[in-house]
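Enquirer: below are the sequence and a predicted model for it; my questions follow.
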Amino acid sequence: MDIRNIIIVGSGPAGLTAAVYAARGELKPLVIEGYQSGGQLMLTTEVENFPGFSKGIMGPELMKEMRSQAERFGTEFITADATKVDLSGEIKKVWVGDTEYQAKTVIVSTGASARLLGLKNESRLMGRGVSTCATCDGFFFKDKPIAVIGGGDSAMEEANFLTRFASKVYLVHRREEFRASKIMLDRARSNSKIEFITNTEVEDILGDDGVVGMSIKNSKTGDTRQLDVEGVFVAIGHTPNTKLFEGQIDLDDHGYVQTKAQKSEVSGTSKAGVFACGDVQDKRYRQAITAAGSGCAAALDAEHYLNSH
């Protein structure tokens with residue numbers, strides 16, 4: 001069995017950037033990209049904050065270009081999901097079904113998935129008024145009324161950020177009490193452009209080609225009404241895609257891969273020769289450009305590890 005230099009698990013901006021750098025370093029990386037390749041940008045319409053695209057670029061098109069660039073330099077792709085890993089030895093093992101692949105290093109870039117409400121029209125209108133990223137999409141809602149769904153720090157932060165653009169921000173929460181910290185909650189409550197709607201469930205998001213409103217229900221009175229908004233930002237958290245790596249490398253209390261500087265490495269994990277990049281280890285920024293930067297770091301760290309061993 002061939003022992004490869006690098007196996008990259010995941011194919012979002014982080015994984016593909018790592019592949020570009022590893023391939024240009026003639027390390028011949030293998031990317032196990034998954035059946036749903038491309039990461040969260042595959043659910044995004046126009047991306048206007050990725051450097052180099054002055055007129056913006058569609059999310060799926062950006063991922064296609066990044067994949068083609070990695071492939072051009074000799075990256076090998078497997079369009080299937082990794083099903084099992086063994087990262088314990090000097091030679092790491094990754095399975096796709098019954099097929100085993102071995103490598104001296106592994107880069108984990110499986111990303112994180114935004115938690116959704118599970119509504120009928122939520123996924124259909126994703127990128128057409130429904131978003132999970134205020135920093136990415138807030139600009140598109142200048143002078144428009146929008147809603148933020150959630151009750152934690154992320155919801156408060158996104159609501160405050162979105163007041164830079166929106167004419168009105170409704171913060172809709174299913175309970176009376178909030179999980180958000182007092183400082184974040186007070187900051188949102190002191191913002192005159194934010195209106196709190198509590199004890200309220202979102203029954204569905206309305207619209208054909210774009211969001212025109214939400215159907216909401218007061219959980220105390222049972223009254224249902226339409227809230228007229230043109231954008232809905234779901235801010236109920238993210239789930240890192242790390243189930244595959246439980247018990248293999250150290251994860252934090254929320255399931256994110258813990259990375260720490262080991263000598264000159266910034267992407268190293270608790271296992272030597274295993275690196276992580278992108279949203280699977282970043283619960284703060286969650287941007288395509290920061291993911292790409294961390295992918296570059298992981299590839300260079302892996303190359304340094306290979307050279308030193």
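Expert: Received the coordinates, thanks.
Enquirer: contacting residues for the residue lying closest to residue 228 once chain neighbours are set aside?
Expert: Once flanking residues are discounted, residue 228 sits nearest to residue 213: 4.8 Å by CB to CB, 6 or more residues apart in numbering. For glycine as for every other residue, the C-beta is placed from the backbone atoms N, C-alpha and C. Contacts for residue 213 (CB atoms under 8 Å, 6 or more residues apart in numbering) come out as 205-207, 226-229.
Enquirer: the stretch 151-300 of the chain: helices as residue ranges?
Expert: 153-162, 182-189, 288-308 (DSSP state H, counting those that start in this stretch).
Enquirer: need the ones you listed in CSV with mean neighbour count, can you?
Expert: Listed next are the helices of the stretch 151-300 of the chain as CSV, based on neighbours: other CB atoms under 10 Å:
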stretch, mean neighbour count
helix 153-162, 23
helix 182-189, 15
helix 288-308, 21
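Enquirer: which of those sits closest to residue 68?
Expert: Closest approach to residue 68 among the helices of the stretch 151-300 of the chain is made by helix 288-308 (15.2 Å; CB to CB).
Enquirer: would you put the C-alpha positions of that closest one in CSV?
Expert: In CSV, the C-alpha atoms belonging to helix 288-308 read as follows (Å, rounded to 0.1, in the frame of the first residue of the first chain):
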residue,chain,number,x,y,z
ALA,A,288,-13.8,32.0,3.8
ILE,A,289,-10.6,34.1,3.9
THR,A,290,-9.6,33.1,7.4
ALA,A,291,-10.3,29.5,6.6
ALA,A,292,-8.1,29.8,3.5
GLY,A,293,-5.3,31.4,5.5
SER,A,294,-5.4,28.6,8.1
GLY,A,295,-5.3,26.0,5.3
CYS,A,296,-2.1,27.6,4.0
ALA,A,297,-0.7,27.4,7.5
ALA,A,298,-1.7,23.8,7.9
ALA,A,299,0.0,22.8,4.6
LEU,A,300,3.2,24.6,5.5
ASP,A,301,3.2,23.1,9.0
ALA,A,302,2.7,19.6,7.5
GLU,A,303,5.5,20.2,5.1
HIS,A,304,7.8,21.3,7.9
TYR,A,305,6.8,18.2,9.9
LEU,A,306,7.6,16.0,6.9
ASN,A,307,11.0,17.7,6.4
SER,A,308,11.9,17.3,10.1
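Enquirer: elements contacting it?
Expert: strand 3-9, helix 13-24, strand 99-108, strand 274-276 (3 or more CB pairs under 8 Å, 6 or more residues apart in numbering; DSSP states H and E).
Enquirer: re the thing from before, distance of the residue nearest to residue 228 relative to residue 140?
Expert: 17 Å (CB to CB, to the nearest Å).
Enquirer: confirm for me that residue 73 is in contact with residue 24.
Expert: Yes. Under the criterion of CB atoms under 8 Å, residue 73 makes contact with residue 24 at 5.1 Å.
Enquirer: that older thread, any of the contacts of residue 213 buried? List them.
Expert: 205-207, 227, 229 (16 or more other CB atoms under 10 Å).
Enquirer: need the helices of the stretch 151-300 of the chain in TSV (columns: mean pLDDT and distance to residue 127).
Expert: Shown next, in TSV, are these (pLDDT from 0 to 100; distance: least, CB to CB, whole Å):
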stretch	mean pLDDT	distance to residue 127
helix 153-162	92	17
helix 182-189	94	26
helix 288-308	96	14
